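>>> Build the 3D model from these lines:
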Amino acid sequence: MKKTIYLLSVLSLFAFSCESDDDFTEPIIEVEVEDEAYGNGFLVTNQGPFNNGFGTVSFIDEGFSAIENDIYQTVNNDNLGNIVQSIGFTEDNAYVVANIGNRLTIVDRFTFEEIARIETGLSNPRFFASVDGKGYLTNWGDGADATDDYIAVIDLATNTITNTIAVEEGPEEILYNGTYLYVTNQGGFGVNNIVTVIDPATDTVVTTIPVGDAPNGLELDSSGDLWVLAGGSPAFTGTETAGSLSAINTTTNTVSASFDFGVTDHPNSINIEGQNLYYYLNGEVFVSSTTNFAIPTTPELTGLSLFNIVVRDDILIGANPGDFSSNGTIEVYDLTSGTIITSLSASLGTDQIYFNE
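Residues are numbered from 1 along each chain as shown. Below you'll find the predicted structure:
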C-alpha cells in the first residue's frame, strides 16, 4: 500500500536566547499516514440489476476478515452506472467499466476517489488493459451486429479516446504480454472462436488465432505462453460444441497445443498460479500443470456455485452471485485442505475479483 508522507516541523519546547535564534534549525520528522484505504486487499465488482439501477465495487481486506460494500458511492457520493462489468488498472489508477451505462470511470485505485470519466465514444464496453500511457477498452457495439466491434484507444494523460481499432465480433478479455495485446473474441450475441493480436506500437491488428468456440479467458504462464480457455457453444444455440483449452506460443502467435473437453462441458474462469492451471466447470474446480497439461478427472473442490474464481497462495476466492436478484457472496477456500475459510456478503450480481496492491 502507498503511504502519504507529511513533513512536520517540531517546535522547540525550550527558550532560546536571541543570539541562538540565527543558528537554530527546527528538526524535521517524517510521519507516514496510511490513508489509502483500499490497498493490500481485493476489489470485487458487483454487476447490479440488469434493467435499472447501478453496479458497485466492494473491498475485502487481505486477511478476509471483513468486506466493505459500495466503496465508490461512499467516497464519491455518486454511482458507477448500470452493470459494472470489470476493472482494469495502471500503477496508480483503476478503470471501472460500466457495460450498459457506456461509461469508464477512472479512480485512484487506493482511495477510490474519482479522477475522471469517459461517457462518449463507448458502445457496450467490456474489458480494459493499459500499455505505456495508453488504455485499450474492448467494445461489442450492438451485440446483434457482427461488424461494429472495436477497441477504443485512450490517451491516459488526457483520458480521451484518440483512436479505434476494428476487430471481429465479440471482443472480451484483453491482456498485454509486453509485446502484443491479446483479445478473446467470444462472439457478442453469437459465437466466435478467435484471439485477436494487436501491436500497441502501431495500434493495428497483427493476426488472429483460431481457438475453441466462445473463448472466455486467457492467462500467461511462467514461460510466456498464453493459455486460452474456451467455453464451447452452449446447447441453446442449437449447435452445442465442446469447451477447449489452447496453449499459444507468443513468439510465433500459433497454437502449440489444444485440449478438448466433453461436448456438454463448458468450462470458464481460467487462473494460473505458479505452474498450476485452474478452471471452473459444473460446480467444481480442477487443476493441472502447465508444463505437462492433461485434462484432470478429479476435482480439487466440489459442490460450488461460482461465477468466477481467483487463486493466490493456495487460497481460492470465488464469486457467488446467487440468483442475481439478491446479494451475492465471496467464498474463500483453502486449496490444501479443501475446506471453506469464510463467506462474506457482497452486493447484487457479484462477479469479478481483483487483487489490489
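>>> separation between the residue nearest to N102 when sequence neighbours are not counted and Q186?
The shortest distance from N102 to any non-neighbouring residue, by CB to CB, 6 or more residues apart in numbering, is to L122 (4.5 Å). For glycine as for every other residue, the C-beta is placed from the backbone atoms N, C-alpha and C. Using CB to CB, to the nearest Å, L122 is found at 18 Å from Q186.
>>> can you check T207 too?
The span separating T207 from Q186 equals 18 Å under the rule CB to CB.
>>> neighbour-wise, which of those two wins?
When T207 and Q186 are compared for neighbours, Q186 comes out ahead with 25 against 13, by other CB atoms under 10 Å.
>>> thought the more buried one was touching L218?
No: between Q186 and L218 there is no contact, the gap being 11.0 Å when judged by CB atoms under 8 Å.
>>> Contact partners for the residue nearest to N102?
In this structure, L122 makes contact with N102, R103, L104, L137, N139, A152, I161, judged by CB atoms under 8 Å, 6 or more residues apart in numbering.
>>> hang on, isn't the first one packed against N124?
I take that to be N102. Yes: under the contact definition of CB under 8 Å, N102 touches N124, with a separation of 7.2 Å.
>>> Let's check: the centremost residue of this protein is which one?
Residue closest to the mean C-alpha point of the chain, counted by CA atoms, centre = their mean, is I87 at 5.0 Å.
>>> how near is A201 to T111?
Relative to T111, A201 is positioned 33 Å away (criterion: CB to CB).
>>> And the two? Which one has more around it.
Each of A201 and T111 had its neighbours counted (other CB under 10 Å), and the higher figure belongs to T111 (16 against 10).
>>> Quick check: closest non-adjacent residue to that one.
The spatial neighbour of T111 that comes closest, neighbours along the chain excluded (CB to CB, 6+ apart), is E36 at 5.4 Å.
>>> That neighbour contacts F110, doesn't it?
Yes: proximity of E36 to F110 meets the contact threshold set by CB under 8 Å, at 3.2 Å.
>>> follow-up on the earlier one: point me to the helix or strand that includes the residue nearest to N102.
L122 is part of no helix or strand when elements are defined by DSSP states H and E.
>>> One more: T74?
helix 71-76.
>>> Show residues contacting that helix.
The list of residues contacting helix 71-76 from outside it, by CB under 8 Å, 6+ apart, reads 38, 56-59, 68, 78-80, 96, 105, 107, 111-114.
>>> Please repeat the previous calculation with a cut-off of 6 Å.
V57, F59, N79, L80, F112, E113, E114 (CB atoms under 6 Å, 6 or more residues apart in numbering).
>>> Tell me the secondary structure at the third one.
When you say that, I think you mean N79. For N79, the assignment made with DSSP: H, G, I helix; E, B strand; the rest coil gives coil.
>>> Count the residues that sit near it.
Counted with other CB under 10 Å, the burial measure for N79 works out to 18 neighbours.
>>> And the pLDDT for N52?
You'll see N52 listed with a pLDDT of 87.
>>> ok, for it, nearest residue in space, not its chain neighbours?
Excluding its sequence neighbours, the residue lying closest to N52 (CB to CB, 6+ apart) is N82, at 7.3 Å.
>>> The one you found against N102, yeah?
No: the criterion here is CB atoms under 6 Å, and N82 misses it with N102 at 9.0 Å.
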